[in-house]
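Engineer: pasting the structure only:
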């Protein structure tokens with residue numbers, strides 16, 4: 001038997017299965033902070049989730065509940081732009097997709113932090129809060145300059 005034809009050790013197979021599971025746990029969400037409301041329908045299809053839309057006086061909240069229980073809320077201005085996002089549930093969303101073009105700014109800010117634990121990033125053009133642990137994640141992000149007039153940052157939750 002040659003080295004190439006030897007059966008793989010069971011440990012390697014288990015590690016591969018675990019890696020696949022970890023990748024599957026972070027679910028995709030394509031609506032991005034600063035993007036248009038049109039991306040919401042793509043999110044619903046991608047997440048295989050249920051969409052609820054709530055309209056309040058100054059914006060609309062597009063809430064998508066994924067089958068595994070995580071809820072992503074996208075706050076859309078009357079101009080059709082996503083000015084805030086929030087999430088809660090047992091699985092943390094893929095922040096690269098949720099934050100879109102703001103993801104690299106977020107990563108740089110997190111790398112500069114000295115503390116571990118909940119994330120509180122407040123930059124002139126981006127605010128992100130994220131915390132949680134296995135099966136219980138919460139967070140929000142918003143664009144301070146994108147908030148519609150009369151909307152308080154605390155409304156994004």
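Structural biologist: Structure's in. What do you need? The shown structure was predicted, so the numbers you read here are calculated from the model rather than taken from an experiment. Residues are numbered from 1 along each chain as shown.
Engineer: what about residue 40, which SS state?
Structural biologist: helix (DSSP: H, G, I helix; E, B strand; the rest coil).
Engineer: so what's it up against?
Structural biologist: With contact taken as C-beta atoms under 8 Å, 6 or more residues apart in numbering, residue 40 is in contact with 31, 51, 62, 64, 74, 76. Every C-beta, even on glycine, is put in place using the N, C-alpha and C of the backbone.
Engineer: of these - the most surrounded one?
Structural biologist: residue 74 (28 neighbours; other C-beta atoms under 10 Å).
Engineer: grab the nearest non-local neighbour of it.
Structural biologist: Spatially, and ignoring its direct neighbours in sequence, residue 74 is nearest to residue 62 (4.5 Å; C-beta to C-beta, 6 or more residues apart in numbering).
Engineer: the one you found and residue 40, how far apart?
Structural biologist: 5 Å (C-beta to C-beta, to the nearest Å).
Engineer: which residues of this protein score low on pLDDT?
Structural biologist: In the predicted model of the chain, residues 1-31, 42-43, 45-47 satisfy pLDDT under 70.
Engineer: now do the helices in it.
Structural biologist: 10-25, 39-47, 95-99, 103-112 (DSSP state H).
Engineer: what about residue 127, distance to residue 104?
Structural biologist: 16 Å.
Engineer: between these two, which is the more surrounded one?
Structural biologist: Just comparing residue 127 and residue 104: by other C-beta under 10 Å the higher neighbour count belongs to residue 127, 18 against 10.
Engineer: pretty sure residue 157 sits against residue 139.
Structural biologist: No: taking C-beta atoms under 8 Å as the definition, residue 157 is not a contact partner of residue 139, at 9.7 Å.
Engineer: more crowded one of the two?
Structural biologist: residue 139 (20 against 13).
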